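Peer 1: Show me the folded form of this:
(one chain, ligands or ions: 1)
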Amino acid sequence: MARSRRPLIAGNWKMNGLTADALALAGSVAEGVKQAGWTDREVLICPPATLLVGIAEAVKGSGVLVGGQNCHAVVSGAHTGDISAEMLRDAGASHVIVGHSERRTDCGETDAVVRAKAEAAWRAGLMPVVCIGETLTEREAGRTLTVLETQLKGSVPAGATAARLVVAYEPVWAIGTGKTPTTAEVAAAHAHIRRVLSGLVPDANAVRLLYGGSVKGSNAGELLAVGDVDGALVGGASLKADEFLAIAKAA
Ligand code: 13P
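Peer 2: Numbering: from 1, shown residues only. Next comes the predicted model:
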């Protein structure tokens with residue numbers, strides 16, 4: 001069925017992967033995508049930065065896209081250990097994840113920091129995948145939609161359009177836990193996100209909204225069938241080629 005928003009299936013490998021296994025994994029994903037010959041969906045893998053160059057090379061010609069997991073806000077300079085959006089682009093990336101909840105928690109990234117990183121992505125010609133999501137405490141307090149609204153308004157830069165923004169909704173409590181919201185909860189969150197985006201982005205209807213948090217081959221079909229879900233941001237299951245390809249197939 002033709003969709004106005006082309007689904008994006010993104011694998012976030014997080015801090016996993018040494019060269020030999022990572023190249024084998026990327027090779028299997030590339031092979032699967034090539035064989036499937038999809039033109040109606042995009043498949044993206046975001047390996048650790050150390051592997052970007054090698055993996056970009058390994059998947060060349062397969063249609064698989066490669067992205068970073070984080071970037072610094074500025075182009076270059078005295079920021080030991082950081083990587084700029086320009087460096088990611090130079091290494092072969094087309095996308096970058098910004099504001100993942102693990103970075104918001106581990107590294108204290110605020111909405112303002114995330115927004116600056118999204119702007120850096122634009123400056124370098126990368127597509128930012130801006131992550132938002134509530135914690136369990138926030139959900140239990142009935143604050144989910146308010147939290148999502150605050151994060152969106154703080155993290156999405158002025159000037160965003162569907163052509164240069166992807167948003168990923170990742171409930172923090174669903175990440176790596178095997179728990180997922182019900183499809184009704186996902187639908188409510190995504191509808192709210194699109195409503196809020198309509199005040200921020202001229203073509204909010206065309207912005208792709210990914211769901212992330214314990215997506216696997218067996219639940220991808222029902223999650224991706226939710227109206228405002230335009231793809232998935234996959235952690236653990238993206239480390240297994242078969243699982244990841246099954247999710248891409250479900251899109
Ligand atoms: P899991 O798929 O392992 O729950 O991780 C989701 C995630 O954080 C992707 O960015």
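
Peer 1: Tell me the spatial nearest neighbour of Glu222, not counting adjacent residues.
Peer 2: Nearest in space to Glu222, with sequence neighbours left out and distances taken as C-beta to C-beta, 6 or more residues apart in numbering, is Thr183 at 5.8 Å. No exception for glycine: its C-beta is placed from N, CA and C like everyone else's.

Peer 1: What about the one you found, how many residues nearby?
Peer 2: Neighbour count for Thr183, taken as other C-beta atoms under 10 Å: 16.

Peer 1: Do me a favour and get the end-to-end distance for stretch 120-137?
Peer 2: Length of stretch 120-137, first residue to last, C-alpha to C-alpha, to the nearest Å: 31 Å.

Peer 1: tell me the pLDDT at the residue nearest to Glu222?
Peer 2: Thr183 carries a pLDDT score of 98 in this model.

Peer 1: Show the contacting residues for it.
Peer 2: Applying C-beta atoms under 8 Å, 6 or more residues apart in numbering to Thr183 gives the contacts 222-223, 225-226.

Peer 1: pretty sure Gly68 contacts Ile45?
Peer 2: No - counting by C-beta atoms under 8 Å, Gly68 sits too far from Ile45 to count as a contact (10.9 Å).

Peer 1: did I read that right, Cys131 in a strand?
Peer 2: Yes - counting by DSSP: H, G, I helix; E, B strand; the rest coil, Cys131 falls inside a strand.

Peer 1: beta partners of it?
Peer 2: Assessed by DSSP bridges, Cys131 has beta-bridge partners Ala168.

Peer 1: Pass me the low-pLDDT residue ranges in the stretch 1-150 of the chain, would you?
Peer 2: Along the stretch 1-150 of the chain, the parts satisfying pLDDT under 70 run over 1-3.

Peer 1: So which of the contacts of Thr183 sit within helices?
Peer 2: 222-223 (DSSP state H).

Peer 1: May I see the PyMOL selection of the buried members of the contacts of Thr183?
Peer 2: A single PyMOL command suffices to select whichever of these are buried according to 16 or more other C-beta atoms under 10 Å:
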select buried, resi 223+226
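
Peer 1: Of the contacts of Thr183, which is the nearest to the ligand?
Peer 2: Leu223 (11.1 Å; C-beta to the nearest ligand atom).

Peer 1: What score does that closest one have for pLDDT?
Peer 2: Predicted confidence (pLDDT) for Leu223: 98.

Peer 1: Return the set of buried residues in the host helix or strand of Leu145.
Peer 2: Using DSSP states H and E, Leu145 sits within helix 144-155. Going by neighbour count (16+ other C-beta under 10 Å), the buried part of helix 144-155 is 144-145, 147-149, 151-152, 155.

Peer 1: next one: stretch 121-132
Peer 2: So for stretch 121-132, counting by 16+ other C-beta under 10 Å, buried means 121-122, 124, 126-132.

Peer 1: same check, this time on stretch 49-57
Peer 2: Buried-residue list, stretch 49-57, by 16+ other C-beta under 10 Å: 49, 51-52, 54-56.

Peer 1: now those in CSV, with distance to Lys216 and secondary structure?
Peer 2: CSV is the format used below for the buried residues of stretch 49-57 (distance: C-beta to C-beta, whole Å; DSSP: H, G, I helix; E, B strand; the rest coil):
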residue, distance to Lys216, secondary structure
Ala49, 26, helix
Leu51, 23, helix
Leu52, 25, helix
Gly54, 26, helix
Ile55, 22, helix
Ala56, 26, helix
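
Peer 1: Of the residues you listed, which ones also sit close to the ligand?
Peer 2: Among the buried residues of stretch 49-57, no residue lies close to the ligand (C-beta under 6 Å from any ligand atom).
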